[in-house]
Structure formats: C-alpha cells, structure tokens
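In: Predicted model and sequence follow; I will ask about them next.
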Amino acid sequence: MLAVAFDWSFLSENAGGLLAGLGRTLWVSAIAIAGAFAIGLVLGAARAHRIPVVSQLASTYVEIIRNTPILVQIFFIFFGLPQLGIRLDAFTVAWLAVMVWGGAFNVENFRAGFEAVPFRYREAGYALGFGKFATFVNVTLPIGGRIALPPSINTYISVVKNTSLLYVISYQELTTTALNINALTLQTVETFTTLAAGYLLIVWTLSALIRLLESHLALPKDVR
Amino acid sequence: MTLPDWVEPIVHYMATEGLKGTLRIAVVALAGSAAIGIVLGTALTIRFRPTRMLIRFYIELWRGLPILVTIFIIFFALPSVSAQLEFDPFTAASIGLILWGSAQVAEATRGAVESIPREQHEAAAALGFGWVGRHRFVVLPQALRRLLPPLVSLLVNIIQNTTIAQVIGAAELLETGERSVERLTAPPPIGPGEVHAFEIYAGVMAVFFLMSFPLTRLAAYLERRLVV
C-alpha cells in the first residue's frame, strides 16, 4: 500500500530548524565560493602565465584535489589531522574543505579562460605600453574572466551540493538538520521532500543565473 | 625497514573488503549510468515536447540534488513509502549513483548525437532504416566515439563518489578505513589503543589518486585526440 500523504504542519513546526540549517548551508557556501573565486583567479592566472614554481605547486594542488574524493578529504582534515596536533572545529573544516575543493576546480576554469584569450590581444596591450600586470588586468582578465564565468558558476553549484557531505562531521547545515528532524519526528516523506526541495531551489536558481549571464556576458563573435 | 605490526592486517582487510566494495559499486554504477543515459540522451533528440520535457526534468532533478541526498532518499525515505522499496546499502548507493550518472550521460549523449551531421540521418533514412535502425547502426556508433572522453571523466567521478556509500554504511574503501581507525583506537583488550587516522585516511586518498589520475590523463588525451 502506498502511503504518501504530505503533512503540511511539518513545515510550520520545523521551519525554524530548517531555515537555520539552510542559512548555515548558504553561509558556508558563500565563504567557500568567495575563497574558491580568489584561489581560482590567482592560481589560474599563475598557471596560464606559467609563472615558475607557483605554477607547478598550483598544478600539484589541483591534481591531488581533483583526483581524490572530497568526502575522504573531509575525513582527512577532520579526523586525520588532529593526530598531528592540528585540531579544527567543525565550522572551520566545513568552509575550508569545500573551499579547497572548489578552488582546485576553479584554477582549471580560470586557466582555460585566460588561455583562450588570443595572444594578439596581449600583444596589443604590450604595444600600447602596458606592463605585464597592466595587460593582465586590462586585457586578459576582462576577456578570459568572461569565458571562465559559466564553468566557474558550475563549480560553485557543486560547492553548494558538496556542503551536504558535511553531514559526516555533524556540522548543522541543511542535510544534518533534516536528518536530525527525521530522527525526532519520523516524518520521513515530509523531511526528505523538504530537504530535496531546498537544494533544488538553490541549484536551479544558480543554473538559471548561468543561462542569464551566458547570454548577457557572451563575447561578440569577432572577439573569439 | 619493517612496517609496524598494525599495518598488514588492516591493509589486507581494506584491500579485500573495502577496495572490492568500491569497485563493485563503481562497475554497477558506470554500466547502469551508461546504458540508461545513452537511451535517454538519444530520446532527448526526438522532436516531441512531452518526452523531451520528461527527460529534461529527470536530468535536472538528479543533477540538481546532492548525491548524498538522493542516496538518503532511497535508503531512508523509500522504505517508509512501501516496504518493497527497502534496499541494502550497496544497492541504495548504486541506484543513487546511477540516477546521477545517467543524467550526466544523457546530457553528453544529446550533445554527441546532435553533433552528427544531418546528412548522416538522411543517408541512413534513404537506405531504408527506421528511427531505431538509423540510430543503432549509423548515428550512435559515430556519437559514441565523441562520448568516450566524457564517459572516462564520468568513471573518475563515479569512482570518487562511491565513497558517499560510506555514509549509509556500505563496506567500501572509506568505510573499511573508518572501521580500521576505530578498531585501532579502541583501548585494550579490544584494540591496541593507537590513533592511526592520519596514515589510514592519507592511504585511502593515495589509493583513490592512483585509480583516478591515470583515468583523468586518459580523458584529457582522448579529448585532445578528438579535437585534431
């Protein structure tokens, strides 16, 4: 017998807890996205311009993070590092783990974006008397940054989704909150429908933003 | 130099039990994702609104949800809807990964099929092939070649995401690692009372790196070769 009836009072009774969880998910995501943006911009530029040492270190960082599961990274930081005396609280691990992960993917997004800028544009910058840094800021960044924007937002969407994994360190974000509510109320259908709706709301909003930005920021054809 | 006493039994346990579990989930998830994703992605190119909207919804739904949430829904919520929908951790995790993976493959397949020139469809139609034959014998064999790099990337992602099965207790690599850490931490007489979380989780990371890195390189190589 299928017993699927949604008890709407579930929402009003647990609104406080769920909104607090959603708030923590968004807060951790916001910190991680800001950090991942900075990491991607700086290290992506270093990779694209093949700046010695920094470029190799960035490449190592990217390969390690991209080729190991983020869940194991979270376990390593939260349960493994204390053995070496590095004890971080759940909130710090929360934003740090997803930021380090998002940053690695963003390095590749920005590197690809900057490398897609034709060399003749940089040459034009030098011809105008710009130095290397000024050419980057005035030529490579505005064009390459626009190319890198849609894939980087995709990375931010993954960052938001990955915050759900912080359940394993009992950080009280949306998923952990929902599972605690489920354990108390046993209203399984209501809990998981609400949980899924919460994530879809965030993710679908961000996807819509990508499509909007893609059409607004698309480079004119002759620039490519 | 000899390894400490605790290493050998734990490596043995994690390799025979954990790695086997990881590979089991990965193989099932890859096969399921590819089979369902290729069919859905090809069907997505049919110009018939209702099927397209239905498949679109499937893709956006399973790509939009965190895989952990999908697996929680399968493992915790479905049994309360119907007793027949109760799955063991391995099956629940595999289904969750297939839902997500097939959505990824469907999107990639749509792109690959649409990249095959219209003339190929027309030529096949002129030879008397129906829709199924046209795709089965002419379009898909060409599209599959373009699908190879994204499929290899998907395999890397699936291998890494098998660890999410740990959360519901499937004995894959991370779970066996966690159990080993707990066993070693337990005070005598149950365990030796030693903390080896750092070595064990670093080891788990290393194993995943060794599995993923060659595949990442392969995907990049296939993509480069395709462009030229």
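Out: Looks like it arrived, so ask away.
In: State which helix of the chain is the longest.
Out: In the absence of a named chain, this looks at chain A. When chain A is parsed with DSSP state H, its longest helix is helix A:9-48.
In: ah, I was thinking of chain B
Out: Per DSSP H, chain B has its longest helix at helix B:197-227.
In: Show me what counts as buried in that one.
Out: Under the neighbour-count criterion of 16 or more other Cβ atoms under 10 Å in any protein chain shown, helix B:197-227 has B:197-201, B:203-205, B:207-209, B:211-213, B:215-216, B:218-219, B:222 buried. In short, each C-beta sits where N, CA and C put it, glycine included.
In: and it, anywhere near chain A?
Out: Yes: Helix B:197-227 reaches chain A (Cβ under 8 Å from any Cβ of the partner chain) through B:Ala197, B:Phe198, B:Ile200, B:Tyr201, B:Ala202, B:Val204, B:Met205, B:Phe208, B:Phe209, B:Ser212, B:Phe213, B:Thr216.
In: wait, what's in contact with B:Asp88?
Out: B:Ala170 (Cβ atoms under 8 Å, 6 or more residues apart in numbering or on different chains).
In: distance of it from A:Leu128?
Out: To A:Leu128, B:Asp88 is 66 Å away according to Cβ to Cβ, to the nearest Å.
In: now A:Val93
Out: Taking Cβ to Cβ, one finds A:Val93 at 47 Å from A:Leu128.
In: Of the two, which one has the most company?
Out: A:Val93 (20 against 11; other Cβ atoms under 10 Å in any protein chain shown).
In: How about the contacts made by that one?
Out: A:Ile74, A:Ile77, A:Phe78, A:Leu166, A:Ile169, A:Tyr171.
In: give me every residue that touches the fourth one.
Out: When contacts are counted by Cβ under 8 Å, 6+ apart, A:Leu166 touches A:Val28, A:Ile74, A:Ala90, A:Val93, A:Ala94, A:Ala97, A:Val98, A:Glu173, A:Thr175, A:Thr176.
In: before we move on, the earlier item: do the longest helix of chain A and chain B meet?
Out: No: using Cβ under 8 Å from any Cβ, helix A:9-48 stays clear of chain B, coming no nearer than 10.2 Å.
In: which parts of that helix are buried?
Out: Under 16+ other Cβ under 10 Å, the buried positions of helix A:9-48 are A:10, A:14, A:18, A:21-22, A:24-25, A:28-29, A:31-33, A:35-37, A:39-41, A:43-48.
In: would you list the residues of helix B:197-227 next to chain A in CSV and tack on pLDDT?
Out: What follows is those, written out as CSV (pLDDT from 0 to 100):
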residue, pLDDT
B:Ala197, 94
B:Phe198, 95
B:Ile200, 96
B:Tyr201, 97
B:Ala202, 96
B:Val204, 97
B:Met205, 97
B:Phe208, 97
B:Phe209, 97
B:Ser212, 96
B:Phe213, 96
B:Thr216, 94
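In: Nearest to A:Lys132, out of those: which one, please.
Out: Distance to A:Lys132 across these (Cβ to Cβ) is lowest for B:Thr216, with 31.2 Å.
In: Tell me how many other residues surround the closest residue to A:Leu71 other than its chain neighbours.
Out: The shortest distance from A:Leu71 to any residue other than its chain neighbours is 4.3 Å, reached at B:Thr163 (Cβ to Cβ, 6 or more residues apart in numbering or on different chains). Using other Cβ under 10 Å, B:Thr163 has 29 neighbouring residues.
In: my guess is B:Thr163 meets B:Leu173, correct?
Out: Yes: at 7.1 Å, B:Thr163 counts as touching B:Leu173 under the criterion of Cβ atoms under 8 Å.
In: anything in contact with each of the two?
Out: B:Thr22, B:Phe208.
In: shaky segments in the chain?
Out: Picking chain A for this. Low-confidence segments of chain A (pLDDT under 70): A:1-4, A:219-224.
In: Can you look at chain B instead?
Out: B:1, B:227-228.
In: how about the helices in it?
Out: B:7-13, B:20-43, B:49-64, B:67-72, B:78-81, B:89-114, B:118-126, B:131-133, B:140-161, B:173-185, B:197-227.
In: So is the third one next to chain A?
Out: Just to be clear, that refers to helix B:49-64. Yes: using Cβ under 8 Å from any Cβ, helix B:49-64 reaches chain A at B:Glu60, B:Leu61, B:Gly64.
In: mind putting these in a markdown table, distance to B:Ala124 included?
Out: Formatted as a markdown table, the residues of helix B:49-64 next to chain A follow (distance: Cβ to Cβ, whole Å):
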| residue | distance to B:Ala124 |
| --- | --- |
| B:Glu60 | 31 |
| B:Leu61 | 33 |
| B:Gly64 | 35 |
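In: Show me which of those are buried.
Out: Counted by 16+ other Cβ under 10 Å, these give B:Glu60, B:Leu61, B:Gly64 as buried.
In: Spatially nearest residue to the last one, not counting backbone neighbours?
Out: Leaving out its chain neighbours, the residue that sits closest to B:Gly64 by Cβ to Cβ, 6+ apart is A:Val203, at 4.2 Å.
In: That neighbour sits in which helix or strand?
Out: Assigned by DSSP states H and E, A:Val203 belongs to helix A:188-217.
In: can you name the two of the contacts of A:Leu166 that are farthest apart?
Out: Top of the distance list for those (Cβ to Cβ): A:Val93 and A:Thr175, 15.3 Å.
In: so does stretch A:84-91 get close to chain B?
Out: Yes: Stretch A:84-91 is in contact with chain B by Cβ under 8 Å from any Cβ, via A:Leu84.
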